[in-house]
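K.L.:
Could you look at this predicted model? Sequence included:
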Amino acid sequence: MGNFQGQPRGPFLWNQPGATANGPVYIPKLYDGRNKTFFLFSWEGIRQNIPNYLLQTVPTPANRTGDFSGLHTSAGQPITIDDPTTSQLTGNSYIRQPFPGNLIPQNRIDPVALKLMQYIPQPNITADASGFNNYNPSGPGILTLERYNAYTINFDQVITQNERFSIHYVTNKRWQTGPYYGWQIPALGPNNFERYNQGANAQSTSTLSPTLVVTTRFGFTEHIFLNYMNGGGFDPTQLGFPAGQLAQAQGKFFPTLTFTNYTGFGQAGNNSDTSTNWYFNVVANKSIGRHSLKWDGEYRVLFDNLPNYSFASFGFTNAWTQRDVECRCSFGERLRLLPVGLCRKRQLAL
């Protein structure tokens with residue numbers, strides 16, 4: 001698709017360096033652990049740049065003024081959008097009347113929608129036969145960037161001939177920055193993800209007799225996921241949302257909007273997830289003649305913390321402007337109903 005649009009290929013990068021060191025612990029004149037103390041250290045990294053290509057659908061200049069007279073199917077058949085305020089019971093069905101000329105009157109266009117449209121880019125390529133895929137973001141920013149580092153540390157100690165002890169620790173961190181598709185931030189910008197993982201355990205292996213070995217293990221694992229949106233700190237009252245609604249929200253964020261057939265935008269909030277697992281485990285192995293017996297017991301404690309901070313999300317389908325299942329324009333619905341009218345319409349439906 002990029003070649004078809006005359007765009008050069010994006011730069012792809014994959015580097016995976018690493019290093020490992022291991023052996024006995026030996027410090028001249030201080031400590032000689034060549035027969036009893038051993039260590040391991042390893043590091044692995046990933047540096048990745050992934051080029052992205054995407055076609056999106058944005059409203060045309062005519063759509064932004066309420067003009068949907070050019071709406072059509074891929075076969076060229078016109079699509080009519082209907083006025084939901086004209087619903088009348090006809091037989092067993094409610095039938096709506098179309099907007100004259102497929103034009104939404106200016107006094108029916110919500111002022112919040114007008115301000116939101118300022119954040120939507122204009123079409124920059126010719127749409128397909130159905131009128132979709134009319135925006136093609138391009139440029140050096142269309143990259144997914146990933147950076148990853150992982151570390152492992154291990155110590156093993158031979159205490160006596162019958163007693164061994166080891167400590168193991170692992171940790172890694174992954175950063176990911178999504179592509180920037182040319183929209184105004186914070187309407188639609190690159191998401192930033194961070195993932196932290198760490199875990200450790202201490203293990204004791206005791207040979208109590210030639211036929212009895214007991215292994216005791218204690219440890220934990222922790223997983224942290226962070227998702228940073230670009231809409232944080234944005235005051236939705238700039239768009240016309242009431243201050244009372246903002247006061248009930250968990251934070252100041254650009255709202256999220258989704259549509260049928262059009263590219264959604266907005267990033268309603270940040271979220272994170274911290275999962276921690278502590279465990280204690282004992283395993284005993286006993287040999288009796290030609291038989292082997294095993295006892296195993298484990299105790300675990302699990303914690304999960306999932307806070308989310310958001311303002312609001314709005315979803316729009318073609319149901320509000322359709323007379324039958326053939327109609328498919330949800331952007332017109334947003335022009336008329338976002339956000340107060342949509343909520344009011346739902347209340348009437350109830």
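P.N.:
Everything's here; your move.
K.L.:
all helices for the stretch 101-250 of the chain, in order.
P.N.:
For the stretch 101-250 of the chain, the helices defined by DSSP state H, counting those that start in this stretch cover 111-116, 243-248.
K.L.:
helices or strands next to the next helix or strand after the last one in the packing?
P.N.:
The reference is to helix 243-248. Remark: after helix 243-248, the chain's next helix or strand is strand 256-259, criterion DSSP states H and E. In terms of contacts (3 or more C-beta pairs under 8 Å, 6 or more residues apart in numbering; DSSP states H and E), strand 256-259 is packed against strand 313-316, helix 331-337. (Glycine included, C-beta is placed from N, CA and C.)
K.L.:
quick revisit: out of the helices of the stretch 101-250 of the chain, nearest to residue 40?
P.N.:
Nearest to residue 40 among the helices of the stretch 101-250 of the chain is helix 243-248; the distance by C-beta to C-beta comes to 53.3 Å.
K.L.:
Which residues belonging to stretch 138-153 are considered buried?
P.N.:
Neighbour counts over stretch 138-153 (16 or more other C-beta atoms under 10 Å) mark 138, 142, 143, 144, 145, 146, 148, 150 as buried.
K.L.:
can you list those in CSV and add pLDDT and distance to residue 296?
P.N.:
Shown next, in CSV, are those (pLDDT from 0 to 100; distance: C-beta to C-beta, whole Å):
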residue, pLDDT, distance to residue 296
138, 74, 58
142, 82, 52
143, 84, 48
144, 88, 43
145, 90, 44
146, 93, 39
148, 96, 34
150, 98, 30
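K.L.:
Select from these every entry located in strands.
P.N.:
143, 144, 145, 146, 148, 150 (DSSP state E).
K.L.:
out of those residues, who's nearest residue 264?
P.N.:
Taking C-beta to C-beta as the measure, residue 264 sits nearest to residue 144 out of these, at 19.1 Å.
K.L.:
The closest residue to that closest one other than its chain neighbours: neighbouring residues, count only.
P.N.:
Nearest residue to residue 144 in three dimensions, chain neighbours excluded: residue 50, at 4.3 Å (C-beta to C-beta, 6 or more residues apart in numbering). By other C-beta atoms under 10 Å, the residues close to residue 50 number 17.
K.L.:
mind listing what residue 220 touches?
P.N.:
Contacts for residue 220 (C-beta atoms under 8 Å, 6 or more residues apart in numbering) come out as 199, 200, 201, 276, 277, 278, 279.
K.L.:
does the third one really touch residue 216, like I thought?
P.N.:
No: Residue 201 lies out of contact with residue 216 (C-beta atoms under 8 Å); the separation is 10.5 Å.
K.L.:
follow-up on the earlier one: where among the helices of the stretch 101-250 of the chain is the average confidence lowest?
P.N.:
Looking over these, mean pLDDT reaches its minimum on helix 243-248, with a mean of 82.
K.L.:
what's in contact with it?
P.N.:
Here helix 243-248 has contacts from 235, 236, 237, 252, 311, 312, using C-beta under 8 Å, 6+ apart.
K.L.:
For the residue lying closest to the first one once chain neighbours are set aside, give me its contacts.
P.N.:
Here the nearest residue to residue 235 in space, its sequence neighbours aside, is residue 252; by C-beta to C-beta, 6+ apart that works out to 5.5 Å. Taking C-beta under 8 Å, 6+ apart as the contact definition, residue 252 lies against 232, 233, 234, 235, 236, 246, 311.
K.L.:
what about residue 21, which SS state?
P.N.:
Under DSSP: H, G, I helix; E, B strand; the rest coil, residue 21 falls in the strand class.
K.L.:
Residue 192 and residue 311: what is the separation?
P.N.:
Counting by C-beta to C-beta, to the nearest Å, the gap between residue 192 and residue 311 amounts to 18 Å.
K.L.:
tell me the two of the contacts of residue 220 that are most distant?
P.N.:
Across these (C-beta to C-beta), the longest gap, 14.0 Å, separates 201 and 276.
K.L.:
Residue 103 contacts residue 67, doesn't it?
P.N.:
Yes: shown here, residue 103 and residue 67 form a contact pair, counting by C-beta under 8 Å, at 5.6 Å.
K.L.:
that older thread, counting neighbours, go ahead and name the busier of residue 192 and residue 311.
P.N.:
residue 311 (25 against 16).
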